[in-house]
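[1] need coordinates for the below:
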Amino acid sequence: MKAHFTLILSLSLGLLGCNPQGAVTKQTHSQERILDDPVKLLNPADIDSPNVIQYSSHHVFDSGLISAKTLHASGYRMEHLRLLYDQPSNRVFMTSHTALNRPYDNGVRNSPDCPEGLRTVILNEVDGDHPSNFNYSALVAADCGYRVANADMHIHDRRMFIVYIVVGGADVCRYDDPSVNTAIPVEPGTGGKKWQVRLKVSSVIDQAPITFSGVAPGKDFEVLAEVCVPNYVSGGGDGVGSAEPFITKIDDNIIHVVYADEYLAPANSCGQVIRGLKYSMVSHTVVSDEEVGRCPGDRVRDGMPVVAYHEPSKKYFMVFESLRGGERDEIVLMDSPDGEVWSNRRQLIQASSLGAGAVGVPYIKSYRQYLLVSFVSVHEAEKRSKVRLLILDSDGKRIDFGGETPDAFTLMDEEYSLEGEANLFWGAIEVIGDKLYATGNVDAANGDDTRVTEVSIAALPTATRLAWDGYNDRRRCAMDIWLGDTRVGCTYSGTIGERKTYLFDGYCTRQGRNYDISKITKFGLSCALNGDFSDAENIVHAERAYNGADFNVHMQFEVPPAFVDLSWDGYNDRRRCAMSIWLGETRVGCTYSSSIGDAQSYRFDGYCTRQSKTYKISEITKFGLSCALDGDFSDADNIISAQTSYDGTDSRVSLSF
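    Next up, the predicted model:
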């Protein structure tokens, strides 16, 4: 698939409303002359600071919920854009690929130094306050080969680590060479090309110019995975290799990378699997490499893994596509406490649920208490492809905002530009301040224009949905919050009323101010019959600890029953029984034997005849029975007893003598 156009979508996630309308300043670059000749044969030495993006814009639509601008830009076959925001320097970095000599196009010449074509990884950057016109920052890689792609960034210790793949030139490896893997059986000694996952690290990104090299001294790059493929392989669907690497984390001098692999997949009957490797920056070697995606078999193709760390839940979340064939395609989610050992697979969404013929290309980012997941859905009957966004809570569950906003936003809807081919792919998202920026390539047949679309959407609420049950519907509820050990009366009963759910956005009506939900440590509800809080006997309570992140919080009232049915057996029917209750460690004689008689069950409503007083059932910790033959309690040998502890909630209690 040939990517000629690029989309960038911007979503407002704060309370800023829509983006302003108007033109964006046009920008030029020193190397624009390189691109003047569309058939100029370029060598690696020609690449210094190529023209990246020049913007002009016009407003597309403003529906109130979504506002969009389309930006038209001239670049040179930009594709696979990825964004990374560096908060300390307030800069946005963008990696992009160029296919400068177009070796896939018929009749286009290639330079003698690059007979297979020249491809690059370019690093661009822009001020984080105006992330639209990106400037050239550094050349990451310029390689002669059939494919240079899948670059993604990770900043650690003020250096940028970039992983990407290269399918290089012909006749550089041989299948009978034990130092490389044999992907496809051919005649021994047959020449091939190396398909590699590579790693580069930058100089300190706060000091210009930024340069890239391998991790080990004197090396241009590190090889994390490698396979030898036939000379005819271009790096697309015609070969077996490794692709789509993503750096999960860097700690203790270990770089953790997940990637999609076809070479080892047939061993467990999967078309492609997700693997995780560890690269040591001390020994400069890969110290482990194993499957982590738990592929279920059945020729499933798992690919395009992306990982985000979610600070509120202290977990890593990984999304990837699982291609099962058309409408069975799905986006999969896994989580991990350490980014190394992953949970079982969970389906986030399947193509069939969207009426789509395929889904794929997911990306994930953490934002406040949420997880944001983008992906592409392909609708063959309509000849359209769409960029979608899911919003997840801290447990990785999809959130539906009660019909106010959908649980799968449509960010962009594009008609096929090439007959029979979906045109939105290679998407990515990044959170910058209170906005979300998304990218995606578009296929088209009419040139090397880059189109950028900016979308603004109504703010995602910083909210928590409380739900509860277990009480009479006539009770009206008021809510409290705790900030550490400090209790704050938050809402009056009139705010919540008799509802059993409440979407709390941080605003406390009793205090007339907003509170940061992430600082809340506990929620509490007090509900009174008919809203009468003057009688303590009329009020039930519920409390729930909170981690500052969860969207859904369920409150459970431990409502005492109106009565307790006691039953017992195992004695002569001529015995008559008296009952005692315990309040903590204190025993209270509750009923005379005449109250219960020689029955073998008793419904207790809290009233003790011996005390002429009603006790709260919820405060009872134990029940006891003493039964004497013919009701004669004067002879201790004539009495049998039974006791059982009580939790204040059960409506049935059985005692055994």
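
[2] ends of stretch 144-163, what's the gap?
    Start to finish, the residues bounding stretch 144-163 are 17 Å apart (Cα to Cα, to the nearest Å).

[3] what kind of secondary structure is Met479 in?
    In terms of secondary structure, Met479 is strand; the call rests on DSSP: H, G, I helix; E, B strand; the rest coil.

[4] wait, it sits on Val488?
    No: taking contact to mean Cβ atoms under 8 Å, the distance of 9.7 Å between Met479 and Val488 leaves them out of contact. Any C-beta I mention is one placed from the backbone N, CA and C, and that applies to glycine too.

[5] of the two, who's got more company?
    Using other Cβ atoms under 10 Å as the criterion, Met479 and Val488 rank with Met479 on top: 24 against 16.

[6] the strand or helix carrying Val121: which residues count as buried?
    Remark: Val121 resides in strand 118-127, with elements defined by DSSP states H and E. Residues of strand 118-127 classed as buried: 118-126 (neighbour count, 16 or more other Cβ atoms under 10 Å).

[7] okay, now Pro88: neighbour count?
    Applying other Cβ under 10 Å, we find 9 other residues in the vicinity of Pro88.

[8] contacting residues around it?
    Counting by Cβ atoms under 8 Å, 6 or more residues apart in numbering, Pro88 touches Arg158.

[9] let's see it at 10 Å
    The contact partners of Pro88, by Cβ atoms under 10 Å, 6 or more residues apart in numbering, come to 155, 158, 205-206.

[10] what about those residues, which are in strands?
    Counting by DSSP state E, the members of the contacts of Pro88 that fall within strands are Ile155.

[11] now flag whichever of the contacts of Pro88 is closest to Arg465.
    Minimum separation from Arg465 among those (Cβ to Cβ) is found for Ile155, which lies at 34.7 Å.

[12] that closest one contacts Phe93, doesn't it?
    Yes: using Cβ atoms under 10 Å, Ile155 and Phe93 qualify as a contacting pair, with a distance of 8.2 Å.

[13] anything in contact with each of the two?
    Between them, Ile155 and Phe93 share these contacting residues under Cβ under 10 Å, 6+ apart: 84-86, 202, 205.

[14] all strands for the stretch 301-450 of the chain, in order.
    301-310, 315-323, 330-336, 346-350, 358-367, 370-379, 384-392, 408-415, 424-432, 435-442, 449-457 (DSSP state E, counting those that start in this stretch).

[15] is it true that His97 touches Leu81?
    Yes: under the criterion of Cβ under 10 Å, His97 is in contact with Leu81, at a separation of 8.5 Å.

[16] can you report how many residues lie near the closest residue to Phe375 other than its chain neighbours?
    Taking Cβ to Cβ, 6 or more residues apart in numbering, and ignoring the residues beside it in sequence, Phe375 has Pro362 as its nearest neighbour in space, at 4.3 Å. Summarising burial for Pro362: neighbours were counted as other Cβ under 10 Å, giving 28.

[17] direction included, what does the strand holding Val121 pair up with?
    The strands beside strand 118-127 in its sheet (DSSP bridges) come out as strand 91-99 (antiparallel), strand 135-144 (antiparallel).

[18] figure out which of the ones you listed is closest to Asp635.
    Taking the strands paired with strand 118-127 one by one with Cβ to Cβ, strand 91-99 is closest: 90.3 Å.

[19] any idea how far the closest one is from the chain center?
    Mean C-alpha position of strand 91-99 versus that of the full chain (Cα atoms, centre = their mean, to the nearest Å) differs by 23 Å.

[20] am I right that Phe633 is in a strand?
    No: applying three-state DSSP, one finds Phe633 to be coil, outside a strand.

[21] what's the distance between it and Gly589?
    In this structure, Phe633 and Gly589 are 12 Å apart, going by Cβ to Cβ, to the nearest Å.

[22] who does the helix or strand Met579 falls within touch, helix- and strand-wise?
    Here Met579, judged by DSSP H and E, is contained in strand 575-583. With contacts defined as 3 or more Cβ pairs under 10 Å, 6 or more residues apart in numbering; DSSP states H and E, the packing partners of strand 575-583 are strand 564-569, strand 586-589, helix 593-596, strand 601-604, strand 607-608, strand 622-629, strand 639-645.

[23] now with 6 Å?
    Contacts of strand 575-583 with other secondary structure elements, assessed using 3 or more Cβ pairs under 6 Å, 6 or more residues apart in numbering; DSSP states H and E, are made with strand 586-589, helix 593-596, strand 622-629.

[24] is Asn150 in contact with Ile165, as I believe?
    Yes: Asn150 is in contact with Ile165 according to Cβ atoms under 6 Å; the separation is 4.9 Å.

[25] and Pro209, helix, strand or coil?
    When the structure is split into helix, strand and coil by three-state DSSP, Pro209 lands in coil.

[26] what is the burial count for it?
    8.

[27] next one: Ile639
    Every residue meeting other Cβ under 10 Å relative to Ile639 is counted, giving 15.

[28] tell me what it is bridged to.
    Assessed by DSSP bridges, Ile639 has beta-bridge partners Ala628.

[29] for the stretch 551-657 of the chain, give me the ranges with low pLDDT.
    558-561, 570-573 (pLDDT under 70).

[30] repeat the analysis, applying 80 as the threshold.
    Where the stretch 551-657 of the chain drops to pLDDT under 80, the residues are 551-552, 556-563, 569-575, 597-598, 631, 648-651, 657.

[31] so Arg475 touches Cys527, yeah?
    Yes: taking contacts as Cβ under 6 Å, Arg475 lies within contact range of Cys527: 3.9 Å.

[32] quick check: end-to-end length of stretch 541-555?
    When the termini of stretch 541-555 are compared using Cα to Cα, they are 10 Å apart.

[33] that older thread, so which of the strands of the stretch 301-450 of the chain comes closest to Thr464?
    Distances from Thr464 to each of the strands of the stretch 301-450 of the chain were compared by Cβ to Cβ, and the smallest falls on strand 370-379, at 11.5 Å.

[34] and the contacts of the closest one?
    310, 317, 319, 331, 354, 356-365, 385-392, 422, 424-425, 427, 429, 438 (Cβ atoms under 6 Å, 6 or more residues apart in numbering).

[35] and that strand with strand 301-310, angle?
    In this structure, strand 370-379 runs at an angle of 160 degrees to strand 301-310, with axes from the mean of the first three to the mean of the last three Cα atoms, to 10 degrees as the basis.

[36] what pairs with strand 370-379, parallel or antiparallel?
    Its sheet considered, strand 370-379 pairs with strand 358-367 (antiparallel), strand 384-392 (antiparallel) by DSSP bridges.

[37] now the ones you listed as JSON lines including mean pLDDT and distance to Phe657?
    What follows is the strands paired with strand 370-379, written out as JSON lines (pLDDT from 0 to 100; distance: least, Cβ to Cβ, whole Å):
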{"stretch": "strand 358-367", "mean pLDDT": "91", "distance to Phe657": "60"}
{"stretch": "strand 384-392", "mean pLDDT": "83", "distance to Phe657": "55"}
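
[38] these: which one's closest to Tyr492?
    Of all the strands paired with strand 370-379, strand 384-392 sits nearest to Tyr492, with 30.1 Å by Cβ to Cβ.

[39] relative to strand 346-350, how tilted is that closest one?
    On the basis of the same axes, to 10 degrees, strand 384-392 is oriented at 140 degrees to strand 346-350.

[40] how far off centre is strand 384-392?
    Counting by Cα atoms, centre = their mean, strand 384-392 comes out at 13 Å from the chain centroid.

[41] any idea how far the residue nearest to Arg158 when sequence neighbours are not counted lies from Lys249?
    With sequence-adjacent residues excluded and distances taken as Cβ to Cβ, 6+ apart, Arg158 is closest to Val204, at 5.2 Å. Plainly put, Val204 is 20 Å away from Lys249 if you go by Cβ to Cβ.
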